[in-house]
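Participant: make a model of this:
(one chain, ligands or ions: 1)
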Amino acid sequence: MKHPLTRESALHLLARDPEQLRLQAHAKRCEQCPEEEATYLIMRIVSYTNICVANCSYCAFYRRPNDPEGYVLSDEAIFKKIDDLLAIGGSLVAMEGGFHPKLKIDHYEKLFRSVRARYGDAIEIYGPTIVEVIFIARSSRISLEEALVRLQKAGLRWIPGGGAEILTDAWRQKLSPLKYSVSEYLDGMELAQRLGYGTTATMVIGFGESWEDRIEHLEHIRALQNKTGGFSSFLLWTYQSDNTALGGSRISNEEYLKAVALSRLYLDNIPVIRASFLTQGAQGPAALKWGASDFDVVLEDQVTQKAGTILETNVEKVLEWVKAAGITPKKRTPFFVTSKG
Ligand code: SF4
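Facilitator: Got it, this is the predicted structure:
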């Protein structure tokens, strides 16, 4: 498939007037969503455990096994969080944890089965990221395929794109060497797509990576999308640096917006680019004019909150930000139409 942007032309575009980049990305975004509209849903990220042995240098959330602050949420605690989400019109719960060494595949089967049994289709579930599923499979001494099939039978339908961070092996080594290589990540996502899971793609920026590194990441996602058509959306967010071993500082919203625009143009084979209000807060709506056409109102995300994010959980207030930018927010269901139909 021929694409409008190559690695070289992307760098060239980035060197030009940012307004040119914005206008091109906005025009592309308006091909699939009216200019004066953006879609959204209300969700929360439930971190069912904070015990993790992955040791990511950018993470302020995890606790090592035996740490007194470590926890595993009970089913009742998870149900309460979902009940609260449903009560305010939420429709998506992302259930993510870390690399917990003692939780095996049967724990996750029981978890997803119990959520699906209690809520049916009233709530959609984003499950563990593919790196977590690889860890679960290996610690349960089963293949990745068996783990994915068993989770699917327990009611899971989505593997979200988290765990990608920056898809270059050099950055993976620096940020989270235990979180598998680029090819293991991509092969895992391809397998999930082949088995019929819905998937999303993500990228996290602001670790100090170059534009070339970001373009390499986009290139991997675009190539896999050409092969499978399995990604329904792409979400870009920024590294939050408080309380982390890696340290550093946050990148500017201007740099974030340029990256959103670049993503919209580079990933011309992915239907929806999502803006991260989670990390960009009240500056998030600007991204809806730089190539993004969708956003989440997020009630909870322990991982970024521990690293300094202050979430706005008043849904009406978040929608007012969007309206103030001249855009009408349209609530959507969690089910994107993918290129698979
Ligand atoms: S980002 Fe996730 S996998 Fe990495 S240390 Fe934190 S909880 Fe563990």
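Participant: name the residues of the longest helix anywhere in the chain that are buried.
Facilitator: With secondary structure taken from DSSP state H, the chain has its longest helix at helix 211-228. For helix 211-228, the buried set under the neighbour-count rule, 16 or more other C-beta atoms under 10 Å, comprises 211, 213-222, 224-225, 228. All C-beta atoms are positioned from the backbone trio N, CA, C, and that covers glycine.
Participant: of these, closest to Ser143?
Facilitator: Thr228 (19.5 Å; C-beta to C-beta).
Participant: pretty sure that closest one sits against Arg194.
Facilitator: Yes. Using C-beta atoms under 8 Å, Thr228 is in contact with Arg194, at 7.2 Å.
Participant: report the buried residues of stretch 108-124.
Facilitator: Quick answer for stretch 108-124 (16+ other C-beta under 10 Å): Tyr108, Glu109, Leu111, Phe112, Val115, Arg116, Tyr119, Ile123, Glu124.
Participant: dump those to a markdown table, plus secondary structure and pLDDT.
Facilitator: Below are these laid out as a markdown table (DSSP: H, G, I helix; E, B strand; the rest coil; pLDDT from 0 to 100):
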| residue | secondary structure | pLDDT |
| --- | --- | --- |
| Tyr108 | helix | 97 |
| Glu109 | helix | 98 |
| Leu111 | helix | 96 |
| Phe112 | helix | 96 |
| Val115 | helix | 96 |
| Arg116 | helix | 96 |
| Tyr119 | helix | 96 |
| Ile123 | coil | 94 |
| Glu124 | strand | 95 |
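Participant: rewinding a little: tell me which other helices or strands the helix or strand that comes right after the longest helix of the chain touches.
Facilitator: For helix 211-228, the following helix or strand on the C-terminal side (DSSP states H and E) is strand 231-238. Contacts defined by 3 or more C-beta pairs under 8 Å, 6 or more residues apart in numbering; DSSP states H and E place strand 231-238 against strand 198-205, helix 211-228, helix 253-266, strand 272-275, helix 277-280.
Participant: and the stretch 151-300 of the chain, which residues reach the ligand?
Facilitator: Ser176 (C-beta under 6 Å from any ligand atom).
Participant: what stretches of the stretch 151-300 of the chain score poorly on pLDDT?
Facilitator: The stretch 151-300 of the chain contains no residues with pLDDT under 70.
Participant: residue in it nearest to the ligand?
Facilitator: Using C-beta to the nearest ligand atom, Ser176 is the residue of the stretch 151-300 of the chain that sits closest to the ligand, at 5.6 Å.
Participant: now that residue. Nearest residue, chain neighbours left out?
Facilitator: Cys56 (3.9 Å; C-beta to C-beta, 6 or more residues apart in numbering).
Participant: that neighbour against Lys179, yeah?
Facilitator: Yes. If you go by C-beta under 8 Å, Cys56 and Lys179 touch, sitting 6.7 Å apart.
Participant: got a list of contacts for the longest helix of the chain?
Facilitator: 1, 3, 7, 10-11, 14, 164, 166-168, 170-171, 182, 186, 189-190, 193-194, 201, 203, 205, 230-231, 234, 259, 262-263, 266-270, 339 (C-beta atoms under 8 Å, 6 or more residues apart in numbering).
Participant: filter those down to the buried ones.
Facilitator: 10, 14, 164, 166-168, 171, 182, 186, 189-190, 193, 201, 203, 205, 230-231, 234, 259, 262-263, 266-270.
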